[in-house]
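In: the following block contains a protein sequence and its predicted model.
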Amino acid sequence: MSEMKATRVAYGEALVELGAVNDKIVVLDADLSGSTNTAKFAKAYPDRFFNAGIAEANMMGMAAGLATMGYIPFTSTFAMFGTGRAYEQVRNGIGYPHLNVKLAMSHAGITLGEDGGSHQAIEDIGLMRLIPGMTIVVPCDANETKKAVKALVEMEGPAYLRLARLPSIVFEDEMPFTLGQANVLRDGTDAVIFCCGYMVAGCLEAAKRLAMENISVAVVNVHTIKPIDRETVLTYARKCGKVLTAEEHSTIGGLGDAVADVLIGQGSFSFRKIGIQDRFGQSGKPADLLREYGLTEEDICQAVKAL
Amino acid sequence: MNRLELEATCKQVRRDIINMTADACSGHPGGSLSATEILVALYCREMNISPEKMNDPDRDRFVLSKGHAAPALYGLLGELGYFDKSAFKTFRQLGSILQGHPCRDYCPGVEVSTGSLGQGISIAVGMALGARLAKSPARIFALCGDGELQEGQVWEASMAAAHYKLDNFTVIVDHNGLQIDGTNDEVMSLGDIQGKFRAFGYEVIQIDGHDFDQIFAAFDRKVTGKPKLILAETIKGKGVSYMENQVGWHGKGPNEEERQIALKELED
Ligand SMILES: Cc1ncc(C[n+]2csc(CCOP(=O)(O)OP(=O)(O)O)c2C)c(N)n1
Ligand SMILES: [Mg+2]
C-alpha cells in the first residue's frame, strides 16, 4: 500500500523547511491555519506569521504590501475564498503590479467533500488563468508539492498553488520538477491524457487497465498549468492524435481549456475533457462525489475509448 | 410556546445537532449549540413564520449568515415540520436536502444559501429594503458569528442598514468568543464591538444569549429609524460539558462514545 498524504500537509512541512533557510518568507492565513497547515510555520516562526482573521480581502492587500517590502508572502485559506472572495484584490493588488505573492490555497475541488458546494472551488484555476503573469501549479502528490513550493520561492512574481484536503497517493517514483515543464509519466501511442492534481493517479491506473485491452495511452502530468508546456502538449497530441484532459475542476476555464488553447490551429485532433460539467459541487463523501461528477478511473477509461 | 416548551425544544434541537454531526462524522457542533436559544426564540415565538407560510410574501425572514451552524437550523426546521426528520440521518451525504451549509435549492425553509461568511448580512439588508419597498410588514433577522465580524463586508452592510434607516432589520451576533484558530482576541481582536456598531448607527442591546427573558426583551425593544443589533453573549458548545468553550469543537463531529455522553447530558 502506498503512503497517503494530503498536498496541504506537504505544503505546511515545506514552509517550515524553507522558512529555516530563507528569512524573507512570511505567511498569512485567514483563520484556517490548522486546515491549510500554515499553523506549523506559525509555531516555528511566530514573528513571520500573520493571521488576518476572517478577512481574505485584507489578507491579500497585506501580502501585497509585504511583497513591496522585499518579503515573499505565502497567503493561505480555502481556494474558494482565496481565489473567489478576494479575486479582485488578487487581480489588481497582486497580479497587475506583478508582486511576488504566492497564493497557496487548500481544499480545492470537490474532494473537499462534506462542506458542500459553497466551499468547493471548481473555478479557481480558471480565475487565476485569467490574470496575466500568474503562474499556476497543481501538484499531484506530496513530493511534487514540496518541490513546487521551493520552485515558487525561487521564482519572482505572483503564483497560485492549488492544494487539496483529501490525502492522496504519494508516488514512489522520483519525478523531476521544473516549473513549466510537464512530466511524461507513461508513454503511449494511441491516446494521450493530460492531467493534473488528484486526477493523475486515476489516469495512470486507467492507462494500465487500457493497456490490458491493447490501448496504448500516454499520461502527462501537467503540473504547471500556466505557463503551460506547449512543446510537450503539442508533441504528444500530434503523436497520439487522440487527446483527453482530466482535472478536478470545471471543464470551463481549467487545464482542458489551457490544452485546447495550445492545440487550436495546430491540426486535427480528437479531443475530450473530463472535469465537472458546468455544475456546482455538493455535500458528500469524496469518493461518492468523484463518482457523481464522473471523475473515476472507469470514467477515464470510457472517455479514452470514446475518442 | 411557553417557557417550558421553549426549553424542551432547545434540548431536542441540541440532541439533533449532536446526532447529525455524529452521523456525518463532520459538521459544526460548537457554533450550532451556542446559537440554539436564539434560533428557537426566533422560530418558535418571535418570527411570523411557519411551514404553512413558507411562501407568504409577508413572512418574516431569517438569514443564517454564519451558515456553518446549519445543524441548529436544520434541527429546528425539522422539529417544526418544514421537512421530514428522517432527513437528519442524511446530513452532509450525497443527495441530501441537508447540505453542509444551508442551500435554498435543497432545503425547504432555507431563505438564502450561506456558508461564505460575511455575505448573509448584506443579503438580509437587501431583503429589508425589498420588504420596505413592497410595503410589507415582513421583518428581517440575520445571525452572524463574532469571528464573522472580521469580514469587511459586515461593516459595508452595516453602513447601508443605518444609511437606509432599516428599522425592520435586526442583526444578532453570536458572541461566543471563539472562532477556528483560537479566541477572537488571539486571531484578530474585535475591540469594542458595541461601540463599533453604535458608531455605525445601530441601536445596540447586549444580552445573555441563552436567557429567553433577555432575548425576548431585546426583540420587544421598539426602535425606529435605525437598525437593531443584539449582541448575544453565548457559550460555544453550550449544553455539552466537554464541548463548552472548546475551540476544538468548532468543526468536527463527536464519535460514538462522545455522542452518548452528550445525549445523556441533554436528556429531558
Ligand atoms: C469567507 C469565509 N472565510 C472562511 C470560512 C471558514 N470558516 C468557517 S467557520 C469559521 C469561523 C467562524 O467563527 P465565528 O464567526 O465566530 O463562528 P462561531 O464561533 O459562531 O461558530 C471560518 C473561518 C468561511 N466559511 N467563509
Ligand atoms: Mg465565534
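Out: Structure's in. What do you need? Ligands and ions are numbered 1, 2, ... in the order given.
In: residue 187 - how many residues pack around it?
Out: With no chain named, the answer covers chain A. A:Asp187 has 15 neighbours, counted by other Cβ atoms under 10 Å in any protein chain shown. (Each C-beta comes from the backbone N, C-alpha and C, glycine too.)
In: my question was about chain B, not that one.
Out: Neighbours of B:Val187 under the rule other Cβ under 10 Å: 23.
In: what about it, distance to A:Ala39?
Out: B:Val187 sits 12 Å away from A:Ala39, going by Cβ to Cβ, to the nearest Å.
In: overlap of the contact sets of these two?
Out: Common contacts of B:Val187 and A:Ala39 (Cβ atoms under 8 Å, 6 or more residues apart in numbering or on different chains): B:Asp181.
In: interface residues of the stretch 101-250 of chain B facing ligand 1?
Out: Within reach of ligand 1 by Cβ under 6 Å from any ligand atom, the stretch 101-250 of chain B has these residues: B:115-118, B:145-148, B:174, B:176, B:178-180, B:236, B:250.
In: what sits against the closest residue to B:Gly95 other than its chain neighbours?
Out: Excluding the flanking residues, the one nearest B:Gly95 by Cβ to Cβ, 6 or more residues apart in numbering or on different chains is A:Gly284, at 7.5 Å. By Cβ under 8 Å, 6+ apart, A:Gly284 lies in contact with A:113-114, A:292, B:92-95.
In: and A:Gly284, its phi and psi?
Out: phi 160, psi 170 (degrees, to the nearest 10).
In: hmm, back to that, now, of the contacts of A:Gly284, which are buried?
Out: A:113-114, A:292, B:92-94 (16 or more other Cβ atoms under 10 Å in any protein chain shown).
In: quick one: which of these is nearest to A:Val220?
Out: A:Glu292 (26.5 Å; Cβ to Cβ).
In: secondary structure class for A:Thr245?
Out: Recorded secondary structure, A:Thr245: strand (DSSP: H, G, I helix; E, B strand; the rest coil).
In: any idea how far A:Val262 is from it?
Out: Distance of A:Thr245 to A:Val262, computed by Cβ to Cβ: 11 Å.
In: between those two, point out the one with more neighbours.
Out: Between A:Thr245 and A:Val262, A:Thr245 has the larger neighbour count (other Cβ under 10 Å), namely 29 against 18.
In: which residues does the residue of the stretch 101-250 of chain B found nearest chain A contact?
Out: Per Cβ to the nearest Cβ, the residue of the stretch 101-250 of chain B with the smallest distance to chain A is B:Met188, at 2.7 Å. Taking Cβ under 8 Å, 6+ apart, we find B:Met188 in contact with A:31, A:51-55, B:150.
In: what number of residues lie near B:Tyr80?
Out: No Tyr there; residue B:80 is Leu. Residues lying near B:Leu80 (other Cβ under 10 Å) number 17.
In: mind listing what the residue nearest to B:Val112 when sequence neighbours are not counted touches?
Out: Counting by Cβ to Cβ, 6+ apart, the nearest residue to B:Val112 once its immediate chain neighbours are dropped is B:Ile123, at 5.2 Å. Counting by Cβ under 8 Å, 6+ apart, B:Ile123 touches B:63, B:112, B:114.
In: what is the burial count for the second one?
Out: Which is B:Val112. B:Val112: 20 surrounding residues under other Cβ under 10 Å.
In: with the last one instead?
Out: Using other Cβ under 10 Å as the criterion, B:Thr114 is surrounded by 28 other residues.
In: SS state for the residue nearest to A:Gly294 when sequence neighbours are not counted?
Out: Nearest non-adjacent residue to A:Gly294, counting by Cβ to Cβ, 6+ apart: A:Ile274, 6.8 Å away. Using three-state DSSP, the structure places A:Ile274 in strand.
In: what helix or strand is A:Asn143 on?
Out: If you go by DSSP states H and E, A:Asn143 is part of helix A:142-154.
In: which positions in that helix come out as buried?
Out: So for helix A:142-154, counting by 16+ other Cβ under 10 Å, buried means A:142-149, A:151-153.
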